[in-house]
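> Need a 3D model of the following:
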Amino acid sequence: MNPRPICVLITLLTAANLHAQTCTNETSTPTIAGKPGEDKATMQQPKLPGLFGPITTRTKAGDLAPDIAFTRVLHAPLPTAWTSANLSGRITVLTFFPDTSHNLQSVSMWNAVVAQFADRPIQFLWITAEKESSLLPFLKEHPLHGWVFHDPGGRTGNAYGLENPAAVLIGTDRRIIGFDRRMLPTDRVVNAVIENRIRTTPIKPDSPDLKAFLESNQVLLNAESPRMPRIENNKPAFPPSYEVHISPTTMESNSTSSTSAPDYWSARGFDLKSLIARLYNIDASRIDFPDAEAAKNRYDVALVLPEEESEEAIKHRIQEALKKHLHLSIAPETQSMDVYVVTAPNGPGPALHKAEPSGGGAIGSSSTVFEWKSPDGRPPTPEDIQRIMENMKSSSGVTVGQISVDGGTIVDFCRTLEGGLDRPVIDETNLTGRYDFQVARADSTREQFFQQLHDQLGLIITPSQRNVTLLAVRPI
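Model prediction:
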């Protein structure tokens, strides 16, 4: 049997809002819709936002699983009624779908996994809160396997402390094993639960821990249900002032985080070149930073203001502080350099459609995907992954992920392409306005991908030289 290839996904920088495209051997997060009601007892408690309304409790790996609350059993795989005792003596896979009728693909995937483990001591529980008027006709046409419970008040989801979508894996002792943010655990996850190969401790990004995890054949689950991001949780712990705090990073290797609001800005773990790119809203490929060692130094930067300001004003404060603190000159400079020029000599191609006026646009992420294939079936080591990342901008062995544009401009599209190439991309198409289009995923080299853009969109991409305005970073 050939070993199963492992996809290593690297998502490129996008120019606007993202409709992320992924390559994965697992399921993606399905559509969530609807906001069911809440019971009086819950409404009287301190409120935190949750998938099923306000929640007041947390559960974590090792806790006893709360009872299943429901108003109606919509499907039962056994002739006996459901009782609290059913949560003991067998592995339980519990998933929550506030909206079921808009997730046909998820229903099919769920049924396939349930069927795969039909002869094992495992039970599958699907809980939905959708209105019966749309739910029942859907289930009549598309039956769900396993236990299916109707819980319109979201009591079970609240009892498990769900803020974001997640599935819950429960052991034979009724203790929670972990939370799977995919919502639909795959056969790989279920088998890992059966074989006691689950890890809930976060993986440190340093090589020894990552290497040990890859070699262990373990599967990572969350120890707690995923939480909704909150602005107040990310605000740096500095008293409000106009001082910009700049220091060498305390983040571990390869780890970064960033967050902002009208009264603060924070970026941690970014190398200096990437930090400058964020502050000046420019792609890193358009920064001329001759001191390669200084460009790789990583910093933590934070500003907590006494009152709200615009994003432009906040970034200007940090730009000035960064130049002063690190003794840098950062200014535009025009240079002649190698570029890719995008033209459309014959006008828009067959897949390039003018968008309807909507007041905005979004461009989906372009992804570069590498398949790791080893003759002995081993997973990639950290060194292998590093080598893959270093080869990301090579012209061979590339799988270009789907690019989805809704009401985006050609200029935005060129910026997105530039994020994954080795030189600036210049728009000389003279195509104005906004467009809707998709470039279907294709296993290809860079040259083959460029040909695909020509065939579908009418865009020709050629190497050339142009005068390009760069951001020159120099010591002073």
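> Provide the backbone phi and psi angles at residue 293.
Main-chain dihedrals, residue 293, degrees, to the nearest 10: phi -70, psi -40.
> cool, and residue 336?
Main-chain torsions, residue 336, degrees, to the nearest 10: phi -90, psi 130.
> how close does the closest residue in space to it that isn't next to it in sequence sit to residue 149?
Of all residues not flanking residue 336 in the chain, residue 467 sits nearest, at 5.4 Å (Cβ to Cβ, 6 or more residues apart in numbering). To be clear about C-beta, it is placed using only N, CA and C from the backbone, and glycine gets the same treatment. Relative to residue 149, residue 467 is positioned 65 Å away (Cβ to Cβ, to the nearest Å).
> Show me the longest helix that occurs in the chain.
Taking DSSP state H as the criterion, the chain has its longest helix at helix 311-326.
> Next up, the contacts around the residue nearest to residue 336.
By Cβ atoms under 8 Å, 6 or more residues apart in numbering, the contact set of residue 467 is 334, 335, 336.
> Surely residue 355 is in contact with residue 434?
Yes: counting by Cβ atoms under 8 Å, residue 355 touches residue 434, with 4.2 Å between them.
> before we move on, back to that, so what's the gap between the longest helix of the chain and the chain middle?
Helix 311-326 sits 29 Å away from the centroid of its parent chain (Cα atoms, centre = their mean, to the nearest Å).
> helices or strands up against that helix?
strand 244-248, strand 264-271, helix 272-279, strand 298-304, strand 328-343 (3 or more Cβ pairs under 8 Å, 6 or more residues apart in numbering; DSSP states H and E).
> got the buried residues for it?
Neighbour-count burial for helix 311-326 flags 314, 315, 317, 318, 319, 321, 322, 323, 326 (criterion: 16 or more other Cβ atoms under 10 Å).
> what angle do that helix and strand 244-248 make?
For helix 311-326 against strand 244-248, the angle by axes from the mean of the first three to the mean of the last three Cα atoms, to 10 degrees is 50 degrees.
> Contacts for helix 311-326, please.
Contacts for helix 311-326 (Cβ under 8 Å, 6+ apart): 242, 244, 246, 260, 262, 265, 272, 275-276, 279-281, 301, 303, 305, 309, 328-330.
> Could you rerun that using 10 Å?
Here helix 311-326 makes contact (Cβ atoms under 10 Å, 6 or more residues apart in numbering) with 242-247, 260-265, 267, 272, 275-276, 278-281, 294, 297, 299, 301-303, 305, 308-310, 328-331, 473, 475-476.
> still on that earlier bit, got the helices and strands packed on helix 311-326 as CSV, with mean pLDDT and distance to residue 178 columns?
Converted to CSV, the helices and strands packed on helix 311-326 look like this (pLDDT from 0 to 100; distance: least, Cβ to Cβ, whole Å):
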stretch, mean pLDDT, distance to residue 178
strand 244-248, 96, 35
strand 264-271, 94, 27
helix 272-279, 95, 33
strand 298-304, 96, 31
strand 328-343, 94, 45
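> and for residue 355 and residue 434, which residues touch both?
Counting by Cβ under 10 Å, 6+ apart, the residues touching both residue 355 and residue 434 are 361, 405, 406, 407, 408, 409.
> Of the contacts of residue 467, just say which sits nearest to residue 165.
residue 335 (47.9 Å; Cβ to Cβ).
> State the number of residues packed around that closest one.
Residue 335: 11 surrounding residues under other Cβ atoms under 10 Å.
> isn't it right next to residue 287, touching?
No: at 11.6 Å, residue 335 does not count as touching residue 287 under the criterion of Cβ atoms under 10 Å.
> Between the two, which contacts overlap?
Common contacts of residue 335 and residue 287, defined by Cβ under 10 Å, 6+ apart, comprise 470, 472.
> which regions of this structure lie under the pLDDT threshold?
The model of the chain has pLDDT under 70 over residues 1-51, 53, 205-207, 229-233, 357-404, 440-444.
> measure the nearest residue to residue 327 once chain neighbours are set aside to residue 245 for me?
Once flanking residues are discounted, residue 327 sits nearest to residue 476: 5.5 Å by Cβ to Cβ, 6+ apart. As defined by Cβ to Cβ, residue 476 lies at a distance of 22 Å from residue 245.
> So these two - more neighbours on which side?
Using other Cβ under 10 Å, the more surrounded residue of residue 476 and residue 245 is residue 245, with 16 against 9.
> Might you report the residue contacts of the nearest residue to that one once chain neighbours are set aside?
Excluding its sequence neighbours, the residue lying closest to residue 245 (Cβ to Cβ, 6+ apart) is residue 302, at 4.6 Å. Taking Cβ under 10 Å, 6+ apart, we find residue 302 in contact with 235-238, 243-247, 259, 264-268, 318.
> Show me which of the residues you listed are buried.
By neighbour count, with 16+ other Cβ under 10 Å, the contacts of residue 302 hold 235, 244, 245, 246, 259, 264, 265, 266, 267, 268, 318 as buried.
> Would you mind listing the two of the residues you listed that lie farthest apart?
Within these, 235 and 246 form the most distant pair, 17.4 Å apart (Cβ to Cβ).
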